[in-house]
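Novice: model the following, please.
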Amino acid sequence: MTTTITLPLWAFLLLILFAAWAALERLLLPGVRWYFRRRVNLVIDEINTRLNVELPHFKLTRRQVLVDRLFHDERVQEAVSRVCREEKIPRSVALARVDRYAREIVPAFNAYLYFRIGYWIAKRVVHSLYRLRIGYIESDALAQIDPKSSIVFVMNHRSNMDYVLVAFLAAERVALSYAVGEWARIWPLQQLVRSMGAYFVRRNSGDPLYRMVLQRYVQMATQAGVPQAVYPEGGLSVDGTLRTPKLGLLDYMLREFRPEGERDLVFIPVGINYDRVLEDRSLLRKIDGSAPPVSIARGLMTSFGFVMHNMWLALTGRWYRFGYACVNFGAPISLRAYVREHGLDFSALDDDARREPVARFGRQLMDEIGNIVPVLPVSLVATVLMRSPDRRWSELELKSAASSLMEMLMECSAHIHVPRADRDYAISVGLRMLTLRHVVLEDEGLYRVNPGDLDLIAYYANAIAPSVARALPSTE
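Specialist: Purely as a prediction, here's the structure:
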C-alpha cells in the first residue's frame, strides 16, 4: 500500500486532467445548472403574474423534445414517404434531411435571456438611436382579447431594427416568436436568435420536405398559443412602399384553423415608421440597375465608417439621434369572427380553393397595416417636397404646405405623431433631419431637394402613401 509508483509526466498530467473533469462534472456543473435553472424559474414566475398573455408551455418545452415531436409528426412522415417514392432515394436519406431541417427551424427559447438580457439590450439600443414613441394603440380592443387566443402581430418591414423595436415594446405583454430570414444564420448571431425564441425560414426553398417541416412547426406553435410576429411582405421594403404580401406562413396558420376550436386566432396589425432607416441607401441600391455590386468587404468597411463617423460626431457634441421611431398597434382581427362573417372554413378547402380567400385576407391585413403606419416628421416633409421636387422653398412656404397636409391627414383619421404637440416643431425636426444628411440643400434661405437624393425623398414619402392617398381625394 505504501509502495512508490513512478509515472511518466504525460500520464500524470492525464490523470490530473481526468480528475479535474470528474470534479467539474460531478460537483461544479450540477450547482451551476441549478443556479441558472432557479434564475430562469424565478423569471418565469414573475412573467406569468405580469403578462396579460400567459407564457405558453410550448415555448418552455425542451428544444430536443420539440425536434423529436416534429420529426415523428404524422404528416412529416407521410411527406418523407412521398419524397422517397418521387425522388427514388432511401428513407434514411430523407429522414436525415428532416432531422436537419427540424434542428434548423426549432428555436431554443430562454426566458432569462429574453426578458433580462435581451430586453435590457433592446431598450438601450433603441433609446440610444431613436426617440421611441408608441403613437396609437387600440387599448380597449386589445384588452378584450381572450387570453387563450393565439396572437399574431402582423407588421410592415422597414428595417432590421423592427425586430428589436417591436420585441422591446411587446416584452411588457408577451414573448414574441419571430420568423427570421437566412441572413441571421451566422455564428454567434444564430445561437442568440434561437435563444430569443425566433425560428429561421428559408424564403425560397423548393424542397417539399423543408416546406412540410416548417409548416408543421408553425402550426404546432400556433395551436399551442405561442405569440408570433410576422412580416407579410417577406422582406424589407426597398422603396418604402408596402410590398405585396407573401402568403406562405399565413396560409400555414389559416389552413389548420377550426372556428369551433378551443383557441381563436387573432391578428394585430402593427405599423412602424422611422425618421431615418439605417439601411435606406443600401435598400435603394437594390432597385438601382446601374449600381455596381457591393462586396462583403466593402459593405463591412462602409458600416465601420458609418459607426466611426457617428462616434466622432458624438465626441464632438454634434451628434443627433436618428429622429423618431414610432409604432402603432391597430384593432385586432379575430379570425373566428372573420370566417363566420364570410362563411369560410379554411380547413375544409383544398390548396386551389383556399388560395384566393387567403390572398383576400392577406390584402385586408396589409390595408390595415398601411392605415396605421405613423406619420412622422421626415415622411411628412418628404411628401411635401415630392409634390414639386425641382422647386425652391422658403421655410415659411414649406411649413405652410406641411401644415395643410397635416390637416388633411387628420381629417381622414391618419395617425400623426406631433412631437411636443407642436406642429411647427414637428416640421422643423423633419426638415433638420433631411438637411443634416444633405438630402435637402439650403441656399440663401431657400430649400431644395438634392438631385442625387430624389429617390431617398421618395422612399420616406412612400412610407405614408396609403394615408396620403386617403386624404387627398377628400380635398378635390
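Novice: for the protein, what spans make up the strands?
Specialist: 131-137, 150-155, 177-180, 199-200, 228-230, 265-274, 324-329, 333-334, 393-394, 440-443, 446-449 (DSSP state E).
Novice: most centrally placed residue in this structure?
Specialist: Nearest to the geometric centre of the chain sits Tyr163, at 3.7 Å (CA atoms, centre = their mean).
Novice: any low-confidence regions in the stretch 51-200 of the chain?
Specialist: Scanning the stretch 51-200 of the chain for pLDDT under 70 picks out 51-56, 60, 112, 170-176, 181-196.
Novice: what segments of the stretch 1-150 of the chain are helices?
Specialist: Per DSSP state H, counting those that start in this stretch, the stretch 1-150 of the chain carries helices over the ranges 9-23, 29-50, 57-60, 63-71, 74-87, 91-105, 111-112, 119-129, 139-143.
Novice: right, so those: which one is the most enclosed?
Specialist: Highest mean neighbour count of the helices of the stretch 1-150 of the chain: helix 111-112, a mean of 20 (counted as mean count of other CB atoms under 10 Å). From N, CA and C alone the C-beta is placed, and that goes for glycine too.
Novice: what's the burial count for Asp367?
Specialist: By other CB atoms under 10 Å, the residues close to Asp367 number 12.
Novice: next one: Arg211
Specialist: Arg211: 16 neighbours (other CB under 10 Å).
Novice: kindly report the same for the one 5 residues further on.
Specialist: Counted with other CB under 10 Å, the neighbours of Arg216 add up to 21.
Novice: go ahead and confirm it touches Asp73.
Specialist: Yes: counting by CB atoms under 8 Å, Arg216 does reach Asp73; the two are 5.1 Å apart.
Novice: could you measure from Asp280 over to Pro269?
Specialist: Using CB to CB, to the nearest Å, we find Asp280 at a distance of 23 Å from Pro269.
Novice: these two: who's more crowded?
Specialist: Comparing Asp280 with Pro269 by other CB under 10 Å, the one with more neighbours is Pro269, at 25 against 20.
Novice: the stretch 251-400 of the chain: helices as residue ranges?
Specialist: Counting by DSSP H, counting those that start in this stretch, the segments of the stretch 251-400 of the chain that form helices are 280-285, 296-315, 335-342, 351-372, 377-387, 395-411.
Novice: of the ones you listed, which approaches Asp251 most closely?
Specialist: Smallest distance to Asp251 across the helices of the stretch 251-400 of the chain (CB to CB): 5.1 Å, for helix 351-372.
Novice: elements contacting the closest one?
Specialist: Packing contacts for helix 351-372, counted by 3 or more CB pairs under 8 Å, 6 or more residues apart in numbering; DSSP states H and E, involve strand 150-155, helix 248-255, strand 265-274, strand 333-334, helix 465-471.
Novice: of all the helices of the stretch 251-400 of the chain, which one comes closest to Glu260?
Specialist: helix 335-342 (8.9 Å).
Novice: tell me what that closest one is packed against?
Specialist: strand 265-274.
Novice: partner strands of the strand it packs on, parallel or antiparallel?
Specialist: strand 150-155 (parallel), strand 324-329 (antiparallel), strand 333-334 (antiparallel) (DSSP bridges).
Novice: in CSV: the ones you listed, plus distance to Thr241.
Specialist: Listed next are these as CSV, based on distance: least, CB to CB, whole Å:
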stretch, distance to Thr241
strand 150-155, 15
strand 324-329, 18
strand 333-334, 22
